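In: here is the input, now give the coordinates:
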Amino acid sequence: MAITTEQLETGILSEVVTRFVDHKKSTSKRSLLITFDGHPAWQAIGSLLIRNSLRRQTQTNPSTEDEAYLPNASAFQFCGNMGVRDAARAAATTVFHALKKMYKADPKKEGFVLEDLKRHVEEKYPTRMYDRSTLALGLYLAKDFGVLQGYRLNAPDDTEVTWFQVGDSTMSMPDPETEWDRTMAQHRPSEATLSLDVDDIKNDLNSLPNHEALLTDLVAPLRDKQLVSVAYIDLDNFKHVNDEHGHLEGNKCLEAVVGCISGAVSRKGRLYRVGGDEFCILLRNFSSPEAAATAERVRASVDALEPFNGTTKVTTSIGVAASDFDVERFADPALLVKAADEAMYVSKYTKKNRVTVWPPSDADRQLEREGRERAKNDQTR
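Out: Prediction:
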């Protein structure tokens, strides 16, 4: 029986959300393809990744059907289950209220764990009964609203926030319930296509501002100590497209990628071409988590493209750096761009097709060094 695209997406979200809520587990692409056999589930999954309703589980291999998905906050809004939707909204807004109180009580505290949140709720709201699982769900959803300055997930499952910092943006949220509804409305599917017209993409590709323009555009906001983030994007496997299929196909590849970036950024940032297959996005008033979320939409959008000529899969390695991490150091535009570039190379040499926020962890830096060494050895063979 034929179903609409909206019904298919709702069904996929329902599967992913139900498995997450009931079993605290991700849902594999393989199981979704089997469940929705006969329907274009692959395309629907790609659309949901682009819209940031789903995200890939960190520990999965993005190049195989064994990859798995976890729900982002908007998945709960559009999964078709009103009970789950209302429970998610209640859990998240309760946590938002508590986070504001926690920030006021100790704005300089470097980090909290779930038990800190639970203890605070019990102390501040003694007449309300919130079990640990409800608060864990609310905290998991909070990561998608930019109210956490930083967080860690319980790898390899990624189903719970095990440590977090409360961001300054928490205090600018006038009403958590209104913020939830506003953010959910932004994730509704749009009838208008996200990609540009083909001729517009070609024009954009040929006239995009360059590296020098990026540095120039960064001078004023950094001088005025405004919050600004840079996402540095490098294409994975693009050289194979040029070498195996020629420069004409390479240009088509670049045009497709620019279309993906334009759609994912949605006019909230400015795109620059800083190399043959390297791009940067300038995001004003974007914190690290917000810029990382935008970068993740870019990554998912490009990853959803079909392999070029059916053989070469092009993905992106992205690095993100925000000026507020070190205001004095990043008053120099070149150093901010360099930090984003360094984070990009961590993505490139660890697993590709990922987003890394500067500064990378010591573990990721070690993986980068090992990846560079492997690449160097492969070139000398």
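
In: and whichever strand or helix holds S133, which residues are buried?
Out: Using DSSP states H and E, S133 falls within helix 132-142. By 16 or more other CB atoms under 10 Å, the buried positions in helix 132-142 come out as 134-142. (Glycine included, C-beta is placed from N, CA and C.)

In: ok, stretch 67-87 next?
Out: For stretch 67-87, using 16+ other CB under 10 Å, the buried residues are 67-79, 81, 84-85, 87.

In: filter the residues you listed down to the ones in strands?
Out: Using DSSP state E, the subset of these located in strands is 68-71.

In: any chance of those residues in a markdown table, with pLDDT and distance to A293 too?
Out: Formatted as a markdown table, those follow (pLDDT from 0 to 100; distance: CB to CB, whole Å):
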| residue | pLDDT | distance to A293 |
| --- | --- | --- |
| A68 | 90 | 20 |
| Y69 | 92 | 16 |
| L70 | 94 | 14 |
| P71 | 95 | 15 |
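
In: quick one: low-confidence parts of this structure?
Out: For the chain, the stretches with pLDDT under 70 are 1-2, 58-66, 128-129, 186-206, 266-267, 379-381.

In: helix, strand or coil for the spatially most central residue of it?
Out: Centroid check for the chain by CA atoms, centre = their mean gives E296 as the closest residue, at 2.8 Å. The three-state assignment at E296 reads helix, by DSSP: H, G, I helix; E, B strand; the rest coil.

In: what residues does it make contact with?
Out: Going by CB atoms under 8 Å, 6 or more residues apart in numbering, E296 touches 52, 55, 355.

In: who are the contact partners of the first one?
Out: Okay, so that is N52. Per CB under 8 Å, 6+ apart, neighbours of N52: 72, 74, 144, 187, 293, 296-297, 300.

In: quick one: it and D144, what's the gap?
Out: Noted for N52: a distance of 8 Å to D144, by CB to CB, to the nearest Å.

In: next, show the common contact partners of these two.
Out: With contacts defined as CB under 8 Å, 6+ apart, the residues shared by N52 and D144 are 72, 74, 293.

In: just the CA trace of the lengthiest helix in the chain, in CSV.
Out: Counting residues, the longest helix in the chain under DSSP state H turns out to be helix 82-105. The C-alpha trace of helix 82-105 is given here as CSV (Å, rounded to 0.1, in the frame of the first residue of the first chain):
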residue,chain,number,x,y,z
MET,A,82,1.0,12.1,21.4
GLY,A,83,1.8,10.5,24.7
VAL,A,84,5.5,10.3,24.0
ARG,A,85,5.5,13.8,22.7
ASP,A,86,3.9,15.2,25.8
ALA,A,87,6.1,13.2,28.1
ALA,A,88,9.2,14.5,26.2
ARG,A,89,8.1,18.1,26.4
ALA,A,90,7.3,17.8,30.1
ALA,A,91,10.7,16.2,30.9
ALA,A,92,12.7,18.7,28.9
THR,A,93,11.0,21.8,30.2
THR,A,94,11.3,20.5,33.8
VAL,A,95,15.1,20.1,33.2
PHE,A,96,15.3,23.6,31.5
HIS,A,97,13.7,25.2,34.6
ALA,A,98,16.1,23.3,36.9
LEU,A,99,19.2,24.2,34.8
LYS,A,100,18.4,27.9,35.1
LYS,A,101,18.2,27.5,38.9
MET,A,102,21.5,25.5,39.0
TYR,A,103,23.2,28.2,36.9
LYS,A,104,22.0,30.9,39.3
ALA,A,105,23.1,29.0,42.3
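
In: beyond that helix, next helix or strand please.
Out: Sequence-wise, the next helix or strand downstream of helix 82-105 (DSSP H and E) is helix 114-124.

In: and that next one, which residues are buried?
Out: Residues of helix 114-124 classed as buried: 114, 116-118, 120-121 (neighbour count, 16+ other CB under 10 Å).

In: mind giving me the packing neighbours of it?
Out: When contacts are defined as 3 or more CB pairs under 8 Å, 6 or more residues apart in numbering; DSSP states H and E, helix 114-124 sits against helix 82-105, helix 132-142.

In: and the last one, how far out from the chain middle?
Out: Yep, that's helix 132-142 we're talking about. The chain centroid and the centroid of helix 132-142 are separated by 19 Å under CA atoms, centre = their mean, to the nearest Å.

In: so how far is the helix or strand just after that helix off the chain centroid?
Out: Counting by DSSP H and E, the next helix or strand C-terminal to helix 132-142 is strand 148-153. The chain centroid and the centroid of strand 148-153 are separated by 13 Å, computed with CA atoms, centre = their mean.

In: how about stretch 11-28?
Out: 19 Å.

In: name all residues that make contact with the residue lying closest to V166 once chain neighbours are set aside.
Out: Among residues not flanking V166 along the chain, Y103 sits closest, at 4.5 Å (CB to CB, 6 or more residues apart in numbering). Residues in contact with Y103 (CB under 8 Å, 6+ apart) are 166, 168, 170-171.

In: separate out the buried members of those.
Out: Neighbour counting by 16+ other CB under 10 Å classes 166, 170 among the contacts of Y103 as buried.
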